[in-house]
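Participant: Using only what follows, build the 3D model:
(2 chains)
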Amino acid sequence: MRDRPQGHELLAIAAKTFREQLLPALPEEKKYIALMVLNAMSIAERQQATGEGPLNDECDLLEVVLDAEPRNAELHARAAELNREFARRVRAGAFDHDDAGRHVLWALTLQRVRESAPRYLKAEGIG
Amino acid sequence: METTALAEFIAARTGAVTVLVENVRKLSGGAIQENWAADLVISGGTHAGNLPVVVRRDAPSGVSDSHSRAQEFALLRAAFDAGVTVPEPLWLGDRAVFGRDFFVMRRVAGAAAGHRLVKDMTLGGDRVALTQRLGEEIARIQRVQPAPALAFLERPGTHPALHFIARSRAYLDAYHTPFPALEWGLRWLELNVPDADRWRDDQLVLAHRDFRTGNYMVDGNGLTAVLDWEFAAWSHPLEDLGWLCARCWRFGQQGDAKAAGGIGSREDLLAGYNRVSGRQVTPAALYYWEVFGELRWAMIAIGQGERHVSGREPSLELALTSHIVPELELHILRMTGIDYSAEGQADA
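Facilitator: Residues are numbered from 1 along each chain as shown, chains lettered A, B, ... in the order given. Down below sits the predicted model:
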């Protein structure tokens, strides 16, 4: 068991402190770099906070849509393997008119946007 | 910069009696090329008078797979002669001067920062006029004809979209991470090429291939220069128009009124383009090429991110570029018939 605050909690308070106390003191030409630092911290924070739940869900969805046997492999390797097969079949046209496949494409991509660029979802009014 | 060597070089090229090189300063720029501003005071010869210039030369350790300085000079010359608003290329250098390749171009005033331009209405002049002007510039670029000096420019051996699809798939096959949503987008591009049946290679035109807000300069009155030609190649007449209108290049501006680079409407862009090109392109015809633009930027973003991920070039900016890809993918899905946003929590 890790001591609290854990990684994502530390990143959150570090980013808040950086934004409120350091950012205003920076010269104008350094602000773009500071905003990039904050953006990177936010992505890391969101990934840490969600943990491996989304990756597990992703594997479950892909196993169903690909009709693949569940395998007891390391999670990241399994996700990569399933995504590779999914990508191959998408390219071959297997999901051109397949509603389940389309839903999986949407769900997997939406989850990655939630972590990498939630601003897009807000701007486009996507929940 | 070695100003004496430069002064002698320019005197020899212009037949000047004297050349003074003043106010030399290094401009911000890439790791592969250096840009230096200088003010020349020339007596006699072909260019007598005051002449503001930029000297663009290879960096000391410049290793590059982009165009060489001689190629860039040829491209700028061709664009300038076709009436495109580019800095006038003046003299192609030789290695004897600095020990590296370089050329000299006329210096143009203006600002290029995209984020500023879309918000700051004191820049760029009247927005309708600027938007039409962008279309006119793209049409003028397309007037450039193939010539031996431009033989270095890439020419797709098939329809430019199919060429891109094949290259992207080859890249993704060799890449460590699969991208199912990009595969979906590429599949859509493959199935929906509007002119696949009637395409002929003689329809290829010169395309800038990075013609977007941020890559042209403006002053208070309007456009002063089209910059950043390193992606230029022979391509489809609609590629540059679609690229400029793709959502990713609007700098946060929303809605059709700002679809063209966050500046103006597609209608105004095409009014300028059609007037100079004599074609009759409609806004609807750009849709395919906007999707194409989103896909192409996603592929470039993966490549830029990989420069960081591979450890070759650690950079926060490159690292964050990788994280642009998911939102591009989601937008591509929505443009190509997959949009479950109305279903709320349709995801896992």
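
Participant: what's the closest non-adjacent residue to residue 52?
Facilitator: Since no chain was named, I'll use chain A. A:Leu75 (6.1 Å; C-beta to C-beta, 6 or more residues apart in numbering or on different chains). Placement of C-beta: from N, CA and C, glycine included.

Participant: Chain B, not that one
Facilitator: Computed as C-beta to C-beta, 6+ apart, the closest residue to B:Pro52 that is not its neighbour in sequence is B:Arg107, at 3.9 Å.

Participant: Just give the number of residues close to residue 55.
Facilitator: No chain was given, so I picked chain A. A:Leu55: 15 surrounding residues under other C-beta atoms under 10 Å in any protein chain shown.

Participant: You answered for a different chain; I wanted chain B.
Facilitator: By other C-beta under 10 Å, neighbour count at B:Val55 equals 27.

Participant: Ramachandran coordinates for it?
Facilitator: Torsion angles at B:Val55 (phi, psi; degrees, to the nearest 10) stand at phi -100, psi 120.

Participant: Quick check: the closest residue to it other than its chain neighbours vs chain A, distance?
Facilitator: Among residues not flanking B:Val55 along the chain, B:Trp36 sits closest, at 4.4 Å (C-beta to C-beta, 6+ apart). Using C-beta to the nearest C-beta, to the nearest Å, B:Trp36 is found at 20 Å from chain A.

Participant: show me where the stretch 151-300 of chain B has helices.
Facilitator: B:160-174, B:180-191, B:239-245, B:266-277, B:287-309 (DSSP state H, counting those that start in this stretch).

Participant: Output the below-cut-off pLDDT ranges for chain B.
Facilitator: Scanning chain B with the threshold set as pLDDT under 70 gives B:29-31, B:61-65, B:344-348.

Participant: list the contacts for the residue lying closest to B:Met335 once chain neighbours are set aside?
Facilitator: For B:Met335, ignoring the flanking residues on the chain, the nearest one in space by C-beta to C-beta, 6+ apart is B:Val291 at 5.1 Å. By C-beta atoms under 8 Å, 6 or more residues apart in numbering or on different chains, B:Val291 lies in contact with B:185, B:188-189, B:242, B:332, B:335-336.

Participant: Of those - the most surrounded one?
Facilitator: In the contacts of B:Val291, the most neighbours by other C-beta under 10 Å go to B:Gly185, 28 neighbours.

Participant: what's the nearest residue to that residue if we skip its chain neighbours?
Facilitator: Nearest non-adjacent residue to B:Gly185, counting by C-beta to C-beta, 6+ apart: B:Ile332, 4.1 Å away.

Participant: For that neighbour, give me its contacts.
Facilitator: The neighbours of B:Ile332, taking C-beta under 8 Å, 6+ apart as the test, are B:181-182, B:184-185, B:188, B:291, B:294-295, B:298.

Participant: ok, and the closest non-adjacent residue to B:Ser168?
Facilitator: Nearest residue to B:Ser168, sequence neighbours excluded (C-beta to C-beta, 6+ apart): B:Met299, at 5.2 Å.

Participant: From chain A, how far out is the one you found?
Facilitator: Taking C-beta to the nearest C-beta, one finds B:Met299 at 14 Å from chain A.

Participant: Break chain A into its domains for me.
Facilitator: Here the domain parsing of chain A from automatic domain parsing is A:7-50, A:53-124.

Participant: Straight-line length of the last one, end to end?
Facilitator: Spelled out, that is domain A:53-124. Domain A:53-124 has its terminal residues 25 Å apart, counting by C-alpha to C-alpha, to the nearest Å.
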